[in-house]
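Peer 1: Just the structure for this:
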Amino acid sequence: MKTKETATPDVRLEKVNYDNYDALIDLKVNESQKNFVASNVYSLAEAYATVASKGYALPFGIYLGDKPIGFIMIGYYPDLAYAKYAFGEEDEIPDFIPRSYLVWRLMIDREYQGKGYGRAALGLALDFIRTLPCGEAKCCWLSYEPENEVARKLYRSFGFEELPELPKGWDEIPAVLKL
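Peer 2: Here you go, the predicted structure:
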């Protein structure tokens with residue numbers, strides 16, 4: 001018998017496409033989490049703008065079987081010049097960002113939270129990132145709101161390490177995982 005801790009959810013990632021974007025836009029987090037993650041419609045607009053600007057954004061639906069239950073987006077920073085373009089010339093660009101992947105967004109619909117699906121999706125995303133789909137990288141990073149303890153615990157369990165201090169101009173906590 002599988003326990004909650006040993007169960008392997010039937011979770012998969014599927015590229016966002018014309019057939020699934022409406023269902024992914026309809027997914028929502030709990031009211032108390034709305035300040036922790038951008039809406040999926042905003043994320044998809046940001047992905048489109050990034051790709052249209054010759055950048056790297058890889059949005060995926062998170063599925064339980066055939067049911068969309070979440071959204072994850074991966075980014076890639078090939079070099080310092082692109083990082084400065086993406087962040088803005090005036091922002092401090094920490095050393096880990098050039099030649100890195102970013103887990104840009106991760107959300108699980110409010111109806112499916114607390115069941116291990118976010119953990120499964122993050123594991124799948126990291127497996128994908130380790131194939132270096134956009135190019136070489138030394139690490140993967142992400143950031144989260146300081147009060148988001150659920151995210152902090154999840155990311156630490158995968159080996160992400162928080163920076164000892166926030167880079168200038170950042171209000172979210174960055175955490176880095178060596179690839």
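Peer 1: switch to C-alpha atoms for all contacts and neighbour counts from now on
Peer 2: OK.
Peer 1: contact partners of the host helix or strand of Y63?
Peer 2: Per DSSP states H and E, Y63 falls inside strand 56-64. Strand 56-64 is touched from outside by 9-16, 20, 24, 44, 47-48, 50-51, 68-77, 108, 121, 134, with contacts defined as CA atoms under 8 Å, 6 or more residues apart in numbering.
Peer 1: filter the residues you listed to the buried ones?
Peer 2: 11-13, 16, 24, 44, 47-48, 50, 68-77, 108, 121, 134 (16 or more other CA atoms under 10 Å).
Peer 1: What residues of the helix or strand V150 falls within count as buried?
Peer 2: Element membership for V150 (DSSP H and E) is helix 149-157. Of all the residues in helix 149-157, those buried under the rule 16+ other CA under 10 Å are A151, R152, Y155.
Peer 1: The helix or strand just after it pairs with which strands, and in what direction?
Peer 2: Sequence-wise, the next helix or strand downstream of helix 149-157 (DSSP H and E) is strand 161-162. Applying DSSP bridges, strand 161-162 is found paired with strand 173-178 (antiparallel).
Peer 1: which residues are in contact with the partner strand?
Peer 2: Counting contacts by CA under 8 Å, 6+ apart, the residues touching strand 173-178 from outside are 96, 138-146, 155, 159-163, 166.
Peer 1: Give the PyMOL command for selecting the buried subset of these.
Peer 2: Of the contacts of strand 173-178, the buried ones go into a single PyMOL selection, burial set by 16+ other CA under 10 Å:
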select buried, resi 96+139+140+141+142+143+144+155+160+161+162
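Peer 1: between the buried residues of helix 149-157, which is nearest S100?
Peer 2: Y155 (16.6 Å; CA to CA).
Peer 1: How about the worst-scoring helix or strand of the chain on mean pLDDT, which residues are buried there?
Peer 2: Taking mean pLDDT, DSSP states H and E as the measure, the helices and strands of the chain show their lowest mean at helix 80-87, namely a mean of 91. Applying a neighbour-count criterion of 16+ other CA under 10 Å, the buried positions in helix 80-87 are L80, Y82, A83, K84.
Peer 1: Please apply the same query to stretch 25-41.
Peer 2: I25, L27, K28, V29, F36, S39, N40.
Peer 1: Could you tell me which of the buried ones among the contacts of strand 56-64 are located in helices?
Peer 2: Taking DSSP state H as the definition of helices, these contribute L24, L44, A47, Y48, T50, A121.
Peer 1: which one is the fourth one nearest to, not counting chain neighbours?
Peer 2: Counting by CA to CA, 6 or more residues apart in numbering, A57 is the residue found nearest to Y48 once chain neighbours are left out, at 7.8 Å.
Peer 1: Quick check: bridge partners of the one you found?
Peer 2: Per DSSP bridges, the residues bridged to A57 are G75.
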